[in-house]
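Peer 1: predicted structure and sequence below. I'll ask about it afterward.
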Amino acid sequence: MKSYRKELWFNTAERISFVNITQDVQTAVKESGIKEGLCLVNAMHITASVFINDNESGLHQDYKEWLEELAPHEPISHYRHNLTGEDNGDAHLKRQIMGREVVIAITDGKLDFGPWEQIFYGEFDGRRRKRVLIKIIGE
């Protein structure tokens, strides 16, 4: 069995944003030379997420509004975590809801998706450099 590792780096201008990384992950699969296996993609920061869904702007706006209702950024004093001097207690909760990672099957050297599926990096405390790990194993 072979393995391959790659990192993607992000520095989003917005506090909350979603970045389509599907092509970056497919490129990593091609670079790996693995034809049959599994691809793990995970956020390496506790205020960011990786998830799979449709690449549709209305849905992404729905996510942002829904997450803000569930875990509003303000008032900052609402979160005990922010008593440590941070202001990102909401981002930790948003990440927990959206998830840390995804695993995608690789078939014939390609990501094996269902209809409309795309991979996204979700940022909930942006404006600083963060990374995503891609780990591919297989034959």
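Peer 2: Noted; the coordinates are in hand.

Peer 1: next, the buried residues of the helix or strand Tyr4 falls within.
Peer 2: Per DSSP states H and E, Tyr4 falls inside strand 2-10. Neighbour counts over strand 2-10 (16 or more other C-beta atoms under 10 Å) mark 4, 6, 8, 10 as buried. Bear in mind the C-beta positions are built from the backbone N, C-alpha and C, glycine included.

Peer 1: gap between the last one and Val132?
Peer 2: So the one you mean is Phe10. 7 Å (C-beta to C-beta, to the nearest Å).

Peer 1: which residues are common contacts for the two?
Peer 2: Residues touching both Phe10 and Val132 (C-beta atoms under 8 Å, 6 or more residues apart in numbering): 48, 121.

Peer 1: point out where this protein drops to low pLDDT.
Peer 2: Along the chain, segments meeting pLDDT under 70 are nowhere present.

Peer 1: helix/strand/coil for the spatially most central residue of it?
Peer 2: Closest to where the C-alpha atoms of the chain average out (C-alpha atoms, centre = their mean) is Val50, at 2.0 Å. The three-state label given to Val50 by DSSP: H, G, I helix; E, B strand; the rest coil is strand.

Peer 1: check contacts around it.
Peer 2: Here Val50 is in contact with 21, 41-43, 99-102, 119-122, 132 (C-beta under 8 Å, 6+ apart).

Peer 1: among those, which are in strands?
Peer 2: Among the contacts of Val50, DSSP state E puts 41-43, 101-102, 119-122, 132 in strands.

Peer 1: so what touches the helix or strand encompassing Ile134?
Peer 2: Element membership for Ile134, per DSSP H and E: strand 130-138. With contact meaning C-beta under 8 Å, 6+ apart, strand 130-138 is reached by 1-11, 21, 24-25, 28-29, 32, 34-45, 48, 50, 106, 121, 123.

Peer 1: relative to strand 118-123, how tilted is it?
Peer 2: 150 degrees (axes from the mean of the first three to the mean of the last three C-alpha atoms, to 10 degrees).
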